[in-house]
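**Q** Need coordinates for the following:
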Amino acid sequence: MRILAISGSLRANSSNTSALQALSLLAPAGTKVVVYEGLGQLPLYNPDFDTAELPATVAALRHEIALGEGLIICSPEYAHGIAGAMKNALDWLVSGIEFPGKPVALINTSPRAEHAQAQLREILRTMSAHVIEEASIAVPLLGRNLNAEGIVADPLLVAELQRALRNLIYHVKRRKIEAL
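**A** Numbers count the residues shown, from 1 in each chain. Predicted coordinates for the structure are as follows:
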């Protein structure tokens, strides 16, 4: 099983990216969590370029979304809203066929990021994603400055992340069975 993980942060030492890298390390046998690294290379969304001849970075993102059987999004909140880079990526996915019905987990690394999480849920539901509430969690990383290895060394964080990943995997498998 392949799950794509997207961090909405462009920061080099982002807690959002670290949480996703930790999930990659914690993935059970038979599951691969792939952290997408092209967010900062996407051009600003322009409907004039949302054609059969997509910009290469956008085509690559859509390809990664198509390969992923599930999706994990971990994005910061800026000024009570979704991060601009994350919104831009989602805008590029609106007209694609890769996204609808995709099981999605939302990870929040700051207890203060409730506005962005609400906006993400609304946007994703509008895009016909299947937000898995049982796999959507808040992980208290604010101010802890932990990298992926530091997160994996904390048993409480590991338990929460593994529980969320198990719930997402369950829904991905259920979706496969229902498609048969």
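**Q** which helices and strands does the longest helix anywhere in the chain pack with?
**A** Secondary structure of the chain per DSSP state H: the longest helix is helix 155-179. If you count contacts as 3 or more CB pairs under 8 Å, 6 or more residues apart in numbering; DSSP states H and E, helix 155-179 packs onto strand 2-7, helix 15-26, strand 70-74, strand 103-108, strand 137-138, helix 148-152. All C-beta atoms are positioned from the backbone trio N, CA, C, and that covers glycine.
**Q** got the angle between that helix and strand 2-7?
**A** Inter-element angle recorded for helix 155-179 and strand 2-7: 130 degrees (by axes from the mean of the first three to the mean of the last three CA atoms, to 10 degrees).
**Q** can you give me how far helix 155-179 is from the chain middle?
**A** Taking CA atoms, centre = their mean, to the nearest Å, one finds helix 155-179 lying 14 Å from the centre of the chain it belongs to.
**Q** Only the buried residues of that helix, if you could.
**A** Across helix 155-179, burial judged by 16 or more other CB atoms under 10 Å covers Leu157, Glu160, Leu161, Ala164, Leu165, Asn167, Leu168, Ile169, His171, Val172.
**Q** Just list the residues touching the second one, thanks.
**A** Meaning Glu160. Taking CB atoms under 8 Å, 6 or more residues apart in numbering, we find Glu160 in contact with Ile137, Val139.
**Q** if we go to 10 Å?
**A** Contact analysis of Glu160 by CB atoms under 10 Å, 6 or more residues apart in numbering lists Ala19, Ile107, Ile137, Ala138, Val139, Pro140, Asp154.
**Q** try the third one
**A** Listed by CB under 10 Å, 6+ apart, the contact partners of Leu161 are 19-20, 22-23, 25-27, 72, 107, 137, 139, 151-152, 154.
**Q** what do you get if the cut-off is 6 Å, keeping everything else the same?
**A** Taking CB atoms under 6 Å, 6 or more residues apart in numbering, we find Leu161 in contact with Leu23, Leu26.
**Q** in this protein, which helix or strand is least confident?
**A** Within the chain, no helix or strand scores below strand 77-78, which has a mean of 92 by mean pLDDT, DSSP states H and E.
**Q** got a pLDDT number for Gly70?
**A** On pLDDT, Gly70 comes in at 98.
**Q** Check Leu156 too.
**A** pLDDT, Leu156: 96.
**Q** same question, Ala179
**A** 83.
**Q** center of this protein - which residue?
**A** Ile73 (1.8 Å; CA atoms, centre = their mean).
**Q** Was I right to think that one contacts Ser7?
**A** No - between Ile73 and Ser7 there is no contact under CB atoms under 6 Å: 8.1 Å.
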